[in-house]
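A.B. asks: With the input below, show me the fold.
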Amino acid sequence: MLKPIALFIALIGLAGPVMAVEVGEVAPAFTGMDEFGNEVNFPAVIDGKPTILLFWATWCPYCKAFMPYLEQIKKDYGDDINVLMINHKERGAGDPAAYIKALDFKVIAVLDGDSIGDAYVVNFIPGLMIAGADGRMAWKRQSTDLPAGQAVGEFWNMVVREQLDKML
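C.D. replies: Residues are numbered from 1 along each chain as shown. Modelled structure (predicted):
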């Protein structure tokens, strides 16, 4: 009886748990499609620049609260950074392609990014991270008790800018 239990435990150990990418680790590579049907390959798309990764959905009030700040970050840092928006957990609630097209700032977009979010173990929306120019995870947001709205948008704006300033 002990041998089957030991074998079971060993097999579980070999399978290992799915782990989220942690700060300092190489961010998982992926390929997705943008709103025009073009392939987006990560990490090639970062092109040696710090890259904000935003896992978002059209229904997400936190995403909507942060979007004006993200727009200003992109305008302020310009071509020194990338903004990579990965639509995740959309659930058919909105039109992500139309949302991306309506933005007034340049982003790299991936639609239907559920498998990418799963690989990154994004459990809440928005998943907000920064990959360094070397493709290593430089920063990840933690959960917050702040309500959706201006306070959370301002908080993430401040933290993202602090991280980018350290990298540039």
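
A.B. asks: quick one, strands of the chain?
C.D. replies: 30-33, 39-42, 51-56, 82-87, 108-110, 127-131, 137-140 (DSSP state E).

A.B. asks: Other residues contacting the fourth one?
C.D. replies: Contacts with strand 82-87, where a contact means CB atoms under 8 Å, 6 or more residues apart in numbering, come from 32, 40, 42, 45-47, 49-58, 70, 73-74, 96, 100, 105-113, 116-117, 127. Bear in mind the C-beta positions are built from the backbone N, C-alpha and C, glycine included.

A.B. asks: before we move on, what about stretch 118-128?
C.D. replies: Contacts of stretch 118-128 (CB under 8 Å, 6+ apart): 18-21, 27-28, 30, 52-57, 60, 62-63, 66, 86, 88-89, 117, 129, 140-141, 143, 156, 160.

A.B. asks: thinking again about what came up before, now the contacts of strand 82-87: which count as buried?
C.D. replies: The neighbour count (16 or more other CB atoms under 10 Å) marks 32, 40, 42, 45-46, 49-58, 70, 73-74, 96, 100, 107-111, 113, 116-117, 127 as buried among the contacts of strand 82-87.

A.B. asks: looking at the strands of the chain, which is closest to P147?
C.D. replies: strand 127-131 (16.3 Å; CB to CB).

A.B. asks: Given the closest one, what are its sheet partners and their directions?
C.D. replies: strand 51-56 (antiparallel), strand 137-140 (antiparallel) (DSSP bridges).

A.B. asks: Now that strand: average pLDDT?
C.D. replies: For strand 127-131, mean pLDDT rounds to 97.

A.B. asks: Nice, that's everything, thank you.
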